[in-house]
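1. what follows is a predicted protein model with its sequence.
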Amino acid sequence: MSAKWPKVKLGKVLRQRKEFVIIDDLATYKRPRVQLHAQGIVLRDKVPGALIKTKQQQVCRPGEFLVAEIDAKVGGFGIVPGSLDGAIVSSHYFLFGIDESKLDGRYLDFFIRTPAFSDQVNAQGSTNYAAIRPADVLGYEMPLPQLPEQRRVVARIEELAVQINEARSLRKQAREMAGVFLNSKLASIFKSIIAKHQIQMISSLGSIYRGRLPNYIEGSGIRVINQKCVRWEGIDLSHAKEVTPVWDEKLPTWAFTQTGDIVINSTGEGTIGRCCIVMSDQAGHPFDSHVLIVRPNPNLVCSSFLSSFLKSPLGQQAIENSKGAKTTKQTELGTTKLGAISLPIPPLPEQRRIMAELEALMAEVNEVKRLQAETNPELEALLPSILDKAFKGEF
């Protein structure tokens, strides 16, 4: 903390407010969620008073400092936003009013996000007891210059924070544009070959299988591929669940993944149609009944070509048009419907040429993503660094 600014205990600028109201069963109440790691306070839900069991609750006021008794040591505190005026919290939360003649609420809001503050919270009390008390909060210290200086510091932090958010926004736009460009290229390629080559149904290009309903058990070490495992970029076995050896042993040979298979999610809004190719290190796993597999005939179609079509806007639209139960949440893509989807099939050499072009493009997109990922930690570290310097009086 700044050596040139006086340090004061929060008890000099905060006052705990302990006022409780009786909940009206006929009224509706907002309840806040205090996000961990000093990430602010947001709306949790709105509930009828009749559903609130503890009838004595505290009412939040905008600008107050709200601290969660149990979660404070993991950053469970923040400033109440205007949108949560009148929100209720239980006695396991502490509310502190700010003496605005001495402390700018925005200055406090930034200070509580610094290690200088969190270190004091973490150091308080026994390591075996996570909760803190109001007296603990009032005993924490902070650097406190005069109000004009506080406002100058806040204005400078906000100016730099805007620049950081703009950088984040530009990165997000770049990622989205890369995805849009890739999808556009996929659509363009498949539209251009529709008129030139024979249209064939997926069922004529290989075999299609639906997985079996598993018998789960923990600790067997035998993992089954489910919907969560199927990502656009490949299979993620960290989401796989374990099944009984007896169930696994009774499966037919076709029910285990093979290199070059295309796995496709067959149910659920938001996940149906998500697909990828099985790599060599992912072969030999069973798959459950919410996953379909297309096992292409290598003499007719390249796995990468068929997978690229299914991922393309044309392929995803075909899946959208084919799935059943469109009026319910549990949508379904069966083997018959998937097999009936048609696509243009050029000769194998042409498929390989197209895929080489796409892979070169995807390599460029992935390189952009890689470079962004490498610099993301630097960007995310900027605001904490700025806050640290600000409260050391270095700008």
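-> Yep, that arrived.

2. what about the nearest residue to residue 295 once chain neighbours are set aside, helix or strand, and which?
-> Leaving aside its chain neighbours, residue 295 sits nearest to residue 207 (4.6 Å; criterion: Cβ to Cβ, 6 or more residues apart in numbering). C-beta coordinates here come from the backbone N, C-alpha and C atoms, glycine included. Assigned by DSSP states H and E, residue 207 falls within strand 206-210.

3. that strand pairs with which strands?
-> Using DSSP bridges, strand 206-210 pairs in its sheet with strand 291-296 (antiparallel).

4. which stretches of the stretch 201-350 of the chain form strands?
-> Using DSSP state E, counting those that start in this stretch, the strands of the stretch 201-350 of the chain run over residues 206-210, 223-224, 230-231, 234-235, 241-242, 262-265, 275-277, 291-296, 342-344.

5. between those strands, which gets nearest to residue 192?
-> Smallest distance to residue 192 across the strands of the stretch 201-350 of the chain (Cβ to Cβ): 9.1 Å, for strand 342-344.

6. in the closest one, what counts as buried?
-> Residues of strand 342-344 classed as buried: 343-344 (neighbour count, 16 or more other Cβ atoms under 10 Å).

7. relative to that strand, what are the paired strands and their orientations?
-> Here, using DSSP bridges, strand 342-344 pairs with strand 199-201 (antiparallel).

8. the partner strand: how far from the chain's middle?
-> 38 Å (Cα atoms, centre = their mean, to the nearest Å).

9. again, but for stretch 299-312
-> On Cα atoms, centre = their mean, the centre of stretch 299-312 falls 29 Å from that of its chain.

10. buried set for it?
-> Quick answer for stretch 299-312 (16+ other Cβ under 10 Å): 301-312.

11. closest one of these to residue 381?
-> After measuring those against residue 381 - Cβ to Cβ - the closest member comes out as residue 311, at 34.6 Å.

12. so how far is residue 189 from that closest one?
-> 12 Å (Cβ to Cβ, to the nearest Å).

13. next one: residue 111
-> Going from residue 111 to residue 189 by Cβ to Cβ gives 54 Å.

14. of these two, who's got more company?
-> Using other Cβ atoms under 10 Å as the criterion, residue 111 and residue 189 rank with residue 111 on top: 23 against 20.

15. show me what contacts the more buried one?
-> Residue 111 makes contact with 117, 142-143, 387, 391, according to Cβ atoms under 8 Å, 6 or more residues apart in numbering.

16. let's see 7 Å
-> Residues near residue 111 by Cβ atoms under 7 Å, 6 or more residues apart in numbering: 117, 142, 391.

17. shaky segments in this structure?
-> Along the chain, the model assigns pLDDT under 70 to residues 1-3, 124-130, 324-330, 395.

18. can you do 90?
-> 1-4, 18-19, 122-131, 160-198, 233, 268-271, 312-314, 322-332, 354-355, 357-395 (pLDDT under 90).

19. can I see the domain layout of the chain?
-> For the chain, automatic domain parsing gives the domain ranges 7-144, 198-345.

20. between the two ends of stretch 213-227, how far is it?
-> The straight-line separation of the ends of stretch 213-227 (Cα to Cα, to the nearest Å) is 13 Å.

21. what's it in contact with?
-> 235, 237, 239-245, 247-248, 257, 263, 265, 268, 271, 285-291.

22. correct me, but residue 283 touches residue 258?
-> Yes. Assessed by Cβ atoms under 7 Å, residue 283 is found in contact with residue 258 at 5.4 Å.

23. got the phi and psi for the nearest residue to residue 20 once chain neighbours are set aside?
-> Leaving aside its sequence neighbours, residue 20 sits nearest to residue 56 (Cβ to Cβ, 6+ apart; 4.6 Å). The phi/psi pair for residue 56 (degrees, to the nearest 10) reads phi -100, psi 120.

24. for residue 187, see how far away residue 56 is.
-> Going from residue 56 to residue 187 by Cβ to Cβ gives 60 Å.

25. output the longest helix belonging to this structure.
-> helix 147-194 (DSSP state H).

26. tell me what it is packed against?
-> Here helix 147-194 touches helix 105-111, helix 303-311, helix 313-322, strand 342-344, helix 348-390, going by 3 or more Cβ pairs under 7 Å, 6 or more residues apart in numbering; DSSP states H and E.
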